[in-house]
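K.L.:
Pasting a predicted model and its sequence here:
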Amino acid sequence: MSPMEGKVAAIFGIANKRSIAYGIAESLRESGVQLALNYQNERMGASLDKLAENLGNPWRQECDVTDEEAVKEFFAAIRKEFGGLDYLIHSVAFAKREELGGEYVDTSWEGYALAQQVSAYSLLTLCKYATPLMTGRDGSVIAMTYLGAEKVVTNYNVMGVAKAALEASVRYLANDLGPKGIRVNAVSAGPIRTLSASGVSDFIKLLDFVAEKSPLRRNVSTSDVGSAARFLLSEDARGITGQTIYVDNGFSIMGI
Ligand code: NAP
């Protein structure tokens, strides 16, 4: 029996089969983890219904991560359904398409604030209501990030700055939650062709460049990320917290 059998994971961010969160959900399900999923609104709920069968028809509830009341209700419902929570997966981000191209200096305050709210601040909101359910359960939290947080990636702009805030938040949260036995880490994935990624100008060119330059000479898959995420959530990673772990075929080690 897998040591993760029967654990409970709340996964935020499945839009479709290409979503990184879907790869994580598949990987956790293989290990017998019980899944609890969010969807942002009714329309996304209907498309998640179609996917849910492949994932064993898991529990799910509407929850926009910018709506604190909805987040509170989501975790209250998880407490009722499962009695507690072991893992939290934050795989959510948003920026306006017009802010993901051109020059960063042209970012509007509204676009900047929106990217921060959905992509970084939401991790705090989720942790605030999720972690009380992890008491005595060696909880583990992961958030999805990207290299654009620390290096300039053309067109990533406002999202790079939001990811920098997300990675710093992971460190502060790790320090807050460590005494309660809860670990918090970020997974920095290489580029993957998903719905969100398609908003970044010239994303296909980026994919080709990264595949050519990475030590492993390919792009990562959602399954590669799912396996690494499962490791980080598991007891095997019990000594790891506050870190950003790269799942990028080694691209981030390259200089020129
Ligand atoms: P995705 O499939 O489009 O997933 C993004 C998810 O965020 C969607 O399910 C979306 O829901 C959700 N979302 C956006 N705003 C929300 C809100 N207010 N409330 C609740 N959910 C909301 O794209 P993805 O690439 O898998 O992205 C997942 C994470 O990985 C993101 O943090 C992204 O930045 C990160 N990441 C992606 C890559 C890449 O190259 N793809 C690389 C590194 C890191 P809706 O569809 O309903 O809007």
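P.N.:
Okay, I see it. Numbers count the residues shown, from 1 in each chain.

K.L.:
For residue 250, see how far away residue 215 is.
P.N.:
Residue 215 is 4 Å from residue 250, where distance means C-beta to C-beta, to the nearest Å. C-betas here are computed from N, CA, C, even on glycine.

K.L.:
all helices in the protein, in order from the N-terminus.
P.N.:
Defined through DSSP state H, the helices belonging to the chain, from first to last, are 20-30, 42-52, 68-82, 109-116, 122-130, 157-177, 203-213, 222-233.

K.L.:
Kindly compare burial across those helices and name the winner.
P.N.:
Ranked by mean neighbour count, those are led by helix 20-30 with a mean of 24 (mean count of other C-beta atoms under 10 Å).

K.L.:
Does anything pack onto it? Which helices or strands?
P.N.:
When contacts are defined as 3 or more C-beta pairs under 8 Å, 6 or more residues apart in numbering; DSSP states H and E, helix 20-30 packs onto strand 8-12, strand 34-39, strand 87-90, helix 222-233.

K.L.:
and with 7 Å instead?
P.N.:
strand 8-12, strand 34-39, helix 222-233 (3 or more C-beta pairs under 7 Å, 6 or more residues apart in numbering; DSSP states H and E).

K.L.:
gap between residue 208 and residue 193?
P.N.:
When C-beta to C-beta is the yardstick, residue 208 and residue 193 sit 11 Å from each other.

K.L.:
Check residue 184 too.
P.N.:
Here the criterion is C-beta to C-beta. By it, residue 184 lies 28 Å from residue 193.

K.L.:
Of the helices and strands packed on helix 20-30, which is nearest residue 58?
P.N.:
Closest to residue 58 of those, according to C-beta to C-beta: strand 34-39, at 3.8 Å.

K.L.:
how about the spatially most central residue of the chain, what does it touch?
P.N.:
The centroid of the chain falls nearest to residue 91 when counting by C-alpha atoms, centre = their mean (2.2 Å). Each residue near residue 91 by C-beta atoms under 7 Å, 6 or more residues apart in numbering is listed here: 12, 13, 20, 21, 24, 144.

K.L.:
Go back to these and keep what's next to the ligand.
P.N.:
13, 20, 21, 144 (C-beta under 6 Å from any ligand atom).

K.L.:
for the third one, what are its contacts?
P.N.:
Contacts were defined as C-beta under 7 Å, 6+ apart; by that measure residue 21 touches 11, 12, 13, 14, 89, 91.

K.L.:
cool, and residue 82?
P.N.:
When contacts are counted by C-beta under 7 Å, 6+ apart, residue 82 touches 8, 34, 36.

K.L.:
Which of these sits closest to the ligand?
P.N.:
Here the nearest of these to the ligand, counting by C-beta to the nearest ligand atom, is residue 36; it sits at 14.0 Å.

K.L.:
ok, back up a step: nearest to residue 198, of the ones next to the ligand among the contacts of residue 91?
P.N.:
The shortest distance between residue 198 and any of these, using C-beta to C-beta, involves residue 20 and amounts to 13.6 Å.

K.L.:
My guess is that closest one contacts residue 192. True?
P.N.:
Yes: using C-beta atoms under 7 Å as the test, residue 20 is close enough to residue 192 to be in contact (6.4 Å).

K.L.:
What about residue 146, how many residues nearby?
P.N.:
Residues near residue 146, counting by other C-beta atoms under 10 Å, number 26.

K.L.:
joint contacts of residue 20 and residue 192?
P.N.:
Residues touching both residue 20 and residue 192 by C-beta under 7 Å, 6+ apart: residue 222.

K.L.:
Roughly how far does the closest residue to residue 220 other than its chain neighbours sit from the ligand?
P.N.:
Residue nearest to residue 220 in three dimensions, not counting chain neighbours: residue 190, with 4.2 Å by C-beta to C-beta, 6 or more residues apart in numbering. Note on residue 190: its distance to the ligand, by C-beta to the nearest ligand atom, to the nearest Å, is 7 Å.
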